[in-house]
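In: One predicted model, sequence on top.
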There are 4 protein chains.
Amino acid sequence: MDKKNKSIWGTRIKGKTSSIFQKVSSSIEIDKRLFKEDILASIAHVEMLNKQKIISFKIKNKIIWGLNKIQNQIIKKKYVFNYQDEDIHMSIEKKLFELIGEDAGYIHTARSRNDQVLVDFKMWMINSNNKLIKILDQTINNFLKIAEKNIYTIMPGFTHLKNAQPISFAHYILAYVEMFSRDRQRLKNNFTNLKENPLGSGALSGTSFNIDRNFTTKKLGFKVPTSNSIDTVSNRDFVLDFLFASSVCAMHISRLAEEFIIWNSDGFRLITLNDNIVTGSSIMPQKKNPDPLEFLRGKVSNSYGNLFSMMTILKGLPLSYFKDLQDDKKIVFDTFDNLIDSIKVLNEVLKNFSVNKNEMLNLAKRGHITATDLADYLVKNLNYPFRKSYQITAKVVNYCEKNKKNLSDLSYKELKVMEPNIKEDVIKIFDLNNSVNSKKSYAGTSFENIKKMIKKYKNA
Amino acid sequence: MDKKNKSIWGTRIKGKTSSIFQKVSSSIEIDKRLFKEDILASIAHVEMLNKQKIISFKIKNKIIWGLNKIQNQIIKKKYVFNYQDEDIHMSIEKKLFELIGEDAGYIHTARSRNDQVLVDFKMWMINSNNKLIKILDQTINNFLKIAEKNIYTIMPGFTHLKNAQPISFAHYILAYVEMFSRDRQRLKNNFTNLKENPLGSGALSGTSFNIDRNFTTKKLGFKVPTSNSIDTVSNRDFVLDFLFASSVCAMHISRLAEEFIIWNSDGFRLITLNDNIVTGSSIMPQKKNPDPLEFLRGKVSNSYGNLFSMMTILKGLPLSYFKDLQDDKKIVFDTFDNLIDSIKVLNEVLKNFSVNKNEMLNLAKRGHITATDLADYLVKNLNYPFRKSYQITAKVVNYCEKNKKNLSDLSYKELKVMEPNIKEDVIKIFDLNNSVNSKKSYAGTSFENIKKMIKKYKNA
Amino acid sequence: MDKKNKSIWGTRIKGKTSSIFQKVSSSIEIDKRLFKEDILASIAHVEMLNKQKIISFKIKNKIIWGLNKIQNQIIKKKYVFNYQDEDIHMSIEKKLFELIGEDAGYIHTARSRNDQVLVDFKMWMINSNNKLIKILDQTINNFLKIAEKNIYTIMPGFTHLKNAQPISFAHYILAYVEMFSRDRQRLKNNFTNLKENPLGSGALSGTSFNIDRNFTTKKLGFKVPTSNSIDTVSNRDFVLDFLFASSVCAMHISRLAEEFIIWNSDGFRLITLNDNIVTGSSIMPQKKNPDPLEFLRGKVSNSYGNLFSMMTILKGLPLSYFKDLQDDKKIVFDTFDNLIDSIKVLNEVLKNFSVNKNEMLNLAKRGHITATDLADYLVKNLNYPFRKSYQITAKVVNYCEKNKKNLSDLSYKELKVMEPNIKEDVIKIFDLNNSVNSKKSYAGTSFENIKKMIKKYKNA
Amino acid sequence: MDKKNKSIWGTRIKGKTSSIFQKVSSSIEIDKRLFKEDILASIAHVEMLNKQKIISFKIKNKIIWGLNKIQNQIIKKKYVFNYQDEDIHMSIEKKLFELIGEDAGYIHTARSRNDQVLVDFKMWMINSNNKLIKILDQTINNFLKIAEKNIYTIMPGFTHLKNAQPISFAHYILAYVEMFSRDRQRLKNNFTNLKENPLGSGALSGTSFNIDRNFTTKKLGFKVPTSNSIDTVSNRDFVLDFLFASSVCAMHISRLAEEFIIWNSDGFRLITLNDNIVTGSSIMPQKKNPDPLEFLRGKVSNSYGNLFSMMTILKGLPLSYFKDLQDDKKIVFDTFDNLIDSIKVLNEVLKNFSVNKNEMLNLAKRGHITATDLADYLVKNLNYPFRKSYQITAKVVNYCEKNKKNLSDLSYKELKVMEPNIKEDVIKIFDLNNSVNSKKSYAGTSFENIKKMIKKYKNA
């Protein structure tokens, strides 16, 4: 076996790299995903070098010609990624030497892989953030469509998974519009850190070449150049920001998934999933399982785990660059792929389930769900302190339970026995529609409020 | 033992609550910390109720009188927090009954504990966020002072903890200004979610009372009322946002702590801690241990653990309110207390260590740290491709190592043998000051750049 | 303010310790919980020192007299824990000086706080492990009692929370006996590491005094002395082992809690919680919330978070002792307290809920839950391949669904149309009791198997 | 596009599965790794079915013939894994139909994928556990070899990364033998749970076929059949056990890596890495970076993250099987692959670094590292209380520092001034070899103890 070290550092470091280490160390299987960004950034870099008269016009053109050729080869799958080339940057540089000869040696002037990999990675993340924002727009839209169709769908609102107060199903759905809107906003906030251009920070201390960082910043779609070269190559806050935003979003999805799994059970039957999003059993012929929902619930584990991985890497890590940081890309890609798949599956679920309105209404009739309405009635009509009204209502509920009645089964007469000052109009209080529609406070479940909110979200 | 259930729900739920459950369930030892916020929010609430003609002027005043009295008692430590009162809200309501009688029963009109606890908690968090921002201002200031005094302090810049390129110690310090500035910004971003007023969301569906949420929003320092009552009582995103921002900040601290521990070792000796921040050993009489730094490094575990606790709670939790959520306060208080202590200790460290400039300089002389400067020189002066210059320099380094010399020990003659086209002015390249100052690219370690940055941060 | 450093290291380290650092650094509020273990270990230590003729009989007795006195004072709450004394070890040593004068100075011969704190901590953990094992015994017993009463209680067994196959409720309950038995075993396995005695490892390198580690090992209830002094003071594996075992146990509890919350909902109503373990609402008079179950579900977050805190501390920590490790006690105490409370609450729940047998049976009638029994019947009686039987059964289920029938509603005639070879005895297949009892494979849900298992667990 | 659902449940569930869901749902890319175990388990299963007269001899043979053929095809890479076949189990069953026709339909008699996947997975894990144990044996061996060569290599022992007491480098190395021995033991303990055979638990309730679980248990290398069918299909404790054991092991590796990175720095230079395990820089020609060590330090993040992922999945998951659990294999495979690679890299590092004995000795001369020896001397020779001896020594150290001397530079005269009772033989106390060798307590750093321990480990 050839014992020579073929890396660019082969002059300095003699002897072949340990094969197991070379295998684990090579990141090319992961970071080849950045080939477009790497080439774009290299082109911007050499254009800047030429503008600043650090390299000649001719060499610049030669390099760009070579890079474009490489890009084409990769796109057309005619490019061989060799794990011995360590990473995408080295692979492309090496290929460039094959294509244009020694002049390829000018490309790494005034830059280091430490800033190069960051510029690639941030460009990819800006792009991926935009993709997530776009698909969240669709998700929010899907929720709004469901809400619009279910303004008058009455269901029990739960606290502690027990019937609490009646709500509109649309109101429940709009809660998720709030959540995913926050997720979207979190991703947008992340652009501030993401759009600081790392290129030009060199290995860690900047460079003595007369470079123009504003040129590459503009060219590559960043807002400003980073301000401290050591921080630039050490910093992975923007990675954590992404992983955290993803985790919160995945967590929101898990909450919906959990609740839909419960509602889809034979105990609840509030929703039905279409056949194209259920799976069967290998042994039980009758089964229709809500696998996609379980997939969504479980997948939050991926975001959580990856966030904690990255936090572990950064714990107690001195400045500036260390190999430990290399896993940032594997972690981010894995989170992104899983999250975007999850959101797609979520969108599929949103389009492929039906609401069992009767079951919802029937369930809402259980659990003395309008008890608060009665207490509020007593406050409004008899001017009782709320706490007194609450106690009276508690007694009424006890009476119902003892007599196996629902609140709405009570006659005015029965009520009057328990609270002599009560008026006959109390009866309407127990009507579920009336109850829902009475919650007219801003953000409440009344129909008009829901309509107003849907309008607001649509214009957002 | 008395078997009666003395809770407000004693009418509905018969029999005494299990004592072990009552013990673990009671959160008053934790949430009594919110007493001021609870009273402020209650005052705003009853003022609004009165303005909206839901309760009378007289009752409003009576309640406010009572609440103020309670606040005084608590501040003067004349108030007994009884764990049987479950939480701070119930405790105060109960006390109010003692003070003003049945009219206390009006206070809970048109609200639920579900929105009440959130308004308290968010008010506390807004306040605490501001405290953190303020103390981070001081920290950044402390870093800037150290930077100003060390612009010309030369040290080795590290990658892989190996000498890489010479830098100014000030430049290293400014990397932390970047980090803590981002931490500050993250806390500021969190205000968007924090300043949505939950009060008025009721148990989960809003209320049928004609309340004015904008009134309490303004009164209590929020920006806007929340938009969906179900989301309001289910949402703990703002808790995660805080725990995440804290974790990143604590992680930054851990990185500094780790590096300072290394620099304080007998191997490095780059810094010396003052006697007031070292500790001794119970058995080894000579020891001066950097305990505060280890404290800071270890404390990131607190933020990380708490973040993951809260993320665990929220995983797969259906809407809306569940008892699971109650630990949010314990978790946030614990994180806040530990983080603010950590930042205080960090500030103490920053004021109580000295820089061993000679040791820094001596260490910078090791490791052929100006090799990149030589490679860059060859590019600039001989117009070689960088990659060729790099190879030549690698040979020069090998020569040095073989002959046990530093780069700066080389004579022009020796260099000329290895690279015939080299000129005599190459020698200045190996001067550390020159090397540092040559990195004039934006964000680089040159003295002028550092001065510019310090100015920029000071004006920020 | 007095500027003198009053620590034992005051001779070496001049100047008063920074007050904020002293505050955060002091662990006495946490580790005072170890006072008994500290005193026991000190007594064993000085007895050994005397046996080995390192200290005199008289001094040994004097020290032991003093230590016993201190123990009494602490038990009688006449002892002041001063946070300036740093930790329980220093506090007691200082007090000993007050009580017996300079001879107290002999106590720290041949030991360091590094091994001292570990011997205390491990003794505490051995004891606490035993407490957990004991209370898990009770829990398992409680489960067995429930199982015994519910052997013939039929309910739907769920996969994907959808009705899958009918089971005995006892069988479901015994699944938890398996889980908690594994938890108990995990705690028992941990004794191997816990029962290695750290005392005698000194600061990190052992001691030059002629000590007898086997003496203290035996005296203090350990099995063997540890084998490497550096590892001894660096090692916190036994802490992780405990936190992990706790996390798995808490996770098991969270699974039960989740399922019981679902079963307690108005959608399922399979169980009813007694009034002494439900709570009411501040606003909704009808509510009976399963707070203890939510408490149990949420508390897994405590164990998880603490495990990850400790794992964070140990990540990348060099050997040997560092201050970072000090939080181990806070973390373990917090986990232990929360876990033991959780198990107590769990035991309370197990004694205070009732099974709604009718609801269980009714739910089991939904979802064509005996479809697998039909498929198995076809295999056994018609010798069809299982996959073919499965397809036939799927058609039968489709027929039922289309005709809004349950499997058990089908007549032999209807079945014969779909599968001509079927015999009349097929009908008994749809009987739920029959179905449950037919699962006679080892570990299956048949009544006899359940009885056999209950017997087995009882004899374990 | 064909709209028919081609799954085995196509009769029950009409319409094609959503393509995005089918993509994310398919686990075949992951679980194809289990093909050997799946086939082995299926063969054992049908042998048992035949022995129990559930299927005929002829059919059994036909199935086994088919399975062996499939195995050969897979090994020879002539088998197409189609993601539409969902998982390895369905893929093989489908292929079996192609090969042997309808009789393939007998294979799934009396089993479900729920128990099938577990038997495969556990078999794989038993095997993988054994691989880890074996490679840890090698690692321990590598440590022992290093220890044997370095019994007399003196270095500073650190606490707080400050020089504490002199130790033998072999003693430091043996600390890791302790750690990895515990790791090995943890993996061995896990066999108890791993070796419970799940096959025969069916979907969740067992089976009505007269199966013999002991037969497959023996045949497949398990110890006993599991005891509760519901627990069997719900339980993933054995997965957590593995992920935890891996995390602790990876954490141990991270501690060594961190310390070696520090020792390899230009500040310490205690060790030198061979050229085959260092990497260069893209820009700094002089660099030799300890990348493998950073890789090892960073990789603990993988185990931690995956452990937390799995814990997230299990949090609050009801019984019995849910799709959420499917990620268990991806998580375990990823952890295993990364851990085994890490251990291999660690072994490579252990064989490819050299100890700079002079630097170790020189560093040990700093920091008054024999101060404890002096204190101990005073106790032994003057019979002072340790605390008094400690104070005297502290003064001696202060004197040294003031006069810029090491302890070993002190003359007997100087010492006598500070402590008049001291004898001339005190001088030998400051000899590093003497100090190390004096720590003869069990587990201490004395040379004879180290030799004894090496012998003990070798015989283990």
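Out: Everything's here; your move.

In: Run through the strands of the stretch 201-350 of chain A in chain order.
Out: Using DSSP state E, counting those that start in this stretch, the strands of the stretch 201-350 of chain A run over A:224-225, A:271-273.

In: For A:Lys404, the count of nearby residues, please.
Out: Number of residues near A:Lys404 (other Cβ atoms under 10 Å in any protein chain shown) recorded here: 7. To be clear about C-beta, it is placed using only N, CA and C from the backbone, and glycine gets the same treatment.

In: Now the residue in the stretch 201-350 of chain A positioned nearest to chain B: closest residue in space that isn't a chain neighbour?
Out: The nearest approach of the stretch 201-350 of chain A to chain B comes at A:Gly206, 2.0 Å away (Cβ to the nearest Cβ). Excluding the flanking residues, the one nearest A:Gly206 by Cβ to Cβ, 6 or more residues apart in numbering or on different chains is B:Gly444, at 2.0 Å.

In: pretty sure that neighbour is touching A:Ser205, no?
Out: Yes - here B:Gly444 reaches A:Ser205: they are 6.1 Å apart, a contact under Cβ atoms under 8 Å.

In: between those two, who's got more neighbours?
Out: A:Ser205 (31 against 28).

In: For that one, give me its contacts.
Out: By Cβ atoms under 8 Å, 6 or more residues apart in numbering or on different chains, the contact list for A:Ser205 reads A:229-230, B:157, B:164-167, B:171, B:436, B:439, B:444-445.

In: What's the first helix or strand after the lowest-mean-pLDDT helix or strand in chain A?
Out: None of the helices or strands of chain A scores lower by mean pLDDT, DSSP states H and E than helix A:19-25, at a mean of 90. Sequence-wise, the next helix or strand downstream of helix A:19-25 (DSSP states H and E) is helix A:28-31.

In: hey, what's in contact with both of B:Gly444 and A:Ser205?
Out: A:Ser229.

In: Show me how chain A divides into domains.
Out: Using automatic domain parsing, the domain parsing of chain A gives A:8-109, A:114-209+A:227-362, A:365-459.

In: winner for burial among the ones you listed?
Out: Of all those, domain A:114-209+A:227-362 has the most neighbours on average by mean count of other Cβ atoms under 10 Å in any protein chain shown, namely a mean of 24.

In: Show me how far that domain is from its chain's centre.
Out: Its chain's C-alpha centre lies 3 Å from the corresponding centre of domain A:114-209+A:227-362 when counted by Cα atoms, centre = their mean, to the nearest Å.

In: Just the terminal-to-terminal distance for it.
Out: 63 Å (Cα to Cα, to the nearest Å).

In: pLDDT of that domain, averaged?
Out: For domain A:114-209+A:227-362, the mean per-residue pLDDT is 97.

In: Kindly report the same for stretch A:383-398.
Out: Stretch A:383-398 comes out at a mean pLDDT of 94.

In: near chain C at all, it?
Out: Yes - using Cβ under 8 Å from any Cβ of the partner chain, stretch A:383-398 reaches chain C at A:390-391, A:393-394, A:396-397.

In: Could you pull up the contacting residues of the nearest residue to A:His108 once chain neighbours are set aside?
Out: In space, A:His108 comes closest to B:Phe386 once its chain neighbours are excluded; the distance is 5.0 Å by Cβ to Cβ, 6+ apart. Contact analysis of B:Phe386 by Cβ under 8 Å, 6+ apart lists A:105-110, B:375-376, B:379.

In: Any chance of the backbone angles for the closest residue to A:Lys456 other than its chain neighbours?
Out: Spatially, and ignoring its direct neighbours in sequence, A:Lys456 is nearest to B:Ser227 (7.6 Å; Cβ to Cβ, 6+ apart). Torsion angles at B:Ser227 (phi, psi; degrees, to the nearest 10) stand at phi -110, psi -10.

In: so what's the one residue in the stretch 51-200 of chain A that gets nearest to chain C closest to, chain neighbours aside?
Out: Of all residues in the stretch 51-200 of chain A, A:His160 sits closest to chain C, at 4.0 Å by Cβ to the nearest Cβ. Leaving aside its sequence neighbours, A:His160 sits nearest to C:Asn289 (Cβ to Cβ, 6+ apart; 4.0 Å).

In: next one: A:Ile55
Out: For A:Ile55, ignoring the flanking residues on the chain, the nearest one in space by Cβ to Cβ, 6+ apart is A:Leu49 at 4.5 Å.
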